[in-house]
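Trainee: Quick one: sequence and predicted model below, then my questions.
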There are 2 protein chains.
Amino acid sequence: MNILDNIRVVLVEPIFGGNIGSVCRAINNNGISDLAIVNPRPTIDWEDARRLTCNAKAQLEARKEFQTLEEAVADCTVVAGTSARTGFYRDTAYSPREFAPIALESAADRKIALVFGREDKGLFNEELALCTHIIQIPSSGLYTSLNLAQAVMVCCYEMFVAADVFEPAEEKAEEASSELRERMFALWREMMIKTEFTHGQKLDHMMMGLRRIFTRGKLTVPDAKILMGLAKQSLWVKQQWDKAERKNND
Amino acid sequence: MNILDNIRVVLVEPIFGGNIGSVCRAINNNGISDLAIVNPRPTIDWEDARRLTCNAKAQLEARKEFQTLEEAVADCTVVAGTSARTGFYRDTAYSPREFAPIALESAADRKIALVFGREDKGLFNEELALCTHIIQIPSSGLYTSLNLAQAVMVCCYEMFVAADVFEPAEEKAEEASSELRERMFALWREMMIKTEFTHGQKLDHMMMGLRRIFTRGKLTVPDAKILMGLAKQSLWVKQQWDKAERKNND
């Protein structure tokens, strides 16, 4: 199996059919064929898309469509979101070149995703939250917003070049899928609320921070299970406390 | 001065206005602003071009137009042509990543050019002949033909990334410009014909070989002058011979 077959390119609510077609051609040039579109708009000009695919009509026809990003990346280990903006929670962004070997390490035996946002608004914070890595494409200070298909081109090109020289590590624990990770984060969120650790907007910020911390390295299935165990334990302690309080008030 | 200001992107007879616009956006994203178009077709849809420039309208408006590639690169030292095809005289192709530091070395104090061919037919052999380097963008075996703007994107992205970490060498002899190089090659060609070294199609092949040999390293102004001197000397010897022959026949 070719390692590039494990790379999924995910477009979130793209606006222009032409861009979708150009994306097909770009991934095809780089040996990638798994294309997913999240919540495709009814206004997409599919004729325009077809016209720009060039030799990559098969990629367009074989695309998968999902209602949410969560579903589109559920079976993926590494999920990398691209963002032109810097700042809050984006400080730990990787360049496509730094990111490529990290992604290939995981793509050796599991699916990974490269996620690209809308042409006008990019990815929303709740979408970036689903990502284990944030990729920022180096670009000139004044004009950081890249054309969608060109952003896909640069990322896939870096994957393609890196795959050529890539040798996977010998052995490793199974990596956590997005679905497992999200169950884990849901538990931690519940724990933070119930233990009254924090709440409201602060809770959201805290969750973003935790997501970065837990996904900075490679999170394995055993890691996720340990972290879920910890959260469950805290929730159990809180329950015991509540019970004790009720008993006291009786 | 920014080293990227010394990089000129040259499009030879592009067909689609949309691609020209996308090229403007791509070079702009990578801090490049010098765009030249060789022999612009009357059928170019400039409205389409403007629509796709995004924030890079200035690059489109400031474009220079030339009748020939020769004129478009006359003041450039390194002239790199992109080609999707492999084979004859293309064996010594560089990847954009290998090429970037070579180009920046020259761009530190002189203009260099990245040349891109027509969407359908690429660069012709006589255009590749004007180039000191050939760039081949790595791509999947089956689909080597990239969209024009995406090819520009990859090359300019590599230049931008390399420029970030680039430190020019301390001192060096002035590099030969395209104009000087072409005068030199013209002399060598004349010499090869007049000395009856070779002729016809074989001469063209031989010239291509010489072009590769003389531009593999960095050709300086003194180098070019030495080579011109050699050719002139051979021509002079031939003249002397002819004179001697005429004398003999008198």
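Mentor: Received, thanks.

Trainee: what about the helices in chain A?
Mentor: A:17-29, A:46-53, A:57-61, A:69-72, A:96-107, A:125-129, A:148-165, A:178-194, A:200-216, A:221-249 (DSSP state H).

Trainee: how about JSON lines for those helices, with distance to chain B, mean pLDDT and mean neighbour count added?
Mentor: All C-beta atoms are positioned from the backbone trio N, CA, C, and that covers glycine. Listed next are the helices of chain A as JSON lines, based on distance: least, CB to the nearest CB, whole Å; pLDDT from 0 to 100; neighbours: other CB atoms under 10 Å in any protein chain shown:
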{"stretch": "helix A:17-29", "distance to chain B": "4", "mean pLDDT": "96", "mean neighbour count": "26"}
{"stretch": "helix A:46-53", "distance to chain B": "8", "mean pLDDT": "94", "mean neighbour count": "16"}
{"stretch": "helix A:57-61", "distance to chain B": "10", "mean pLDDT": "93", "mean neighbour count": "16"}
{"stretch": "helix A:69-72", "distance to chain B": "23", "mean pLDDT": "95", "mean neighbour count": "21"}
{"stretch": "helix A:96-107", "distance to chain B": "7", "mean pLDDT": "92", "mean neighbour count": "21"}
{"stretch": "helix A:125-129", "distance to chain B": "21", "mean pLDDT": "88", "mean neighbour count": "17"}
{"stretch": "helix A:148-165", "distance to chain B": "5", "mean pLDDT": "93", "mean neighbour count": "23"}
{"stretch": "helix A:178-194", "distance to chain B": "27", "mean pLDDT": "90", "mean neighbour count": "18"}
{"stretch": "helix A:200-216", "distance to chain B": "23", "mean pLDDT": "79", "mean neighbour count": "14"}
{"stretch": "helix A:221-249", "distance to chain B": "32", "mean pLDDT": "83", "mean neighbour count": "13"}
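
Trainee: Can you say which of the ones you listed is nearest to residue B:132?
Mentor: In terms of CB to CB, the element of the helices of chain A nearest to residue B:132 is helix A:148-165, at 23.4 Å.

Trainee: tell me which strands and helices the closest one is in contact with?
Mentor: With contacts taken as 3 or more CB pairs under 8 Å, 6 or more residues apart in numbering or on different chains; DSSP states H and E, helix A:148-165 sits against strand A:7-12, helix A:17-29, helix A:96-107, strand A:111-116, helix B:17-29, helix B:148-165.

Trainee: Would you format these as TSV with distance to residue A:159 included?
Mentor: Output for the helices and strands packed on helix A:148-165, formatted as TSV (distance: least, CB to CB, whole Å):
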stretch	distance to residue A:159
strand A:7-12	6
helix A:17-29	10
helix A:96-107	5
strand A:111-116	8
helix B:17-29	19
helix B:148-165	13
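
Trainee: Residue B:181 is nearest to which of these?
Mentor: Each of the helices and strands packed on helix A:148-165 has some distance to residue B:181 by CB to CB; the shortest is helix B:148-165, at 21.4 Å.

Trainee: out of the helices and strands packed on helix A:148-165, which comes closest to residue A:205?
Mentor: Among the helices and strands packed on helix A:148-165, the nearest to residue A:205 by CB to CB is strand A:111-116 (21.3 Å).
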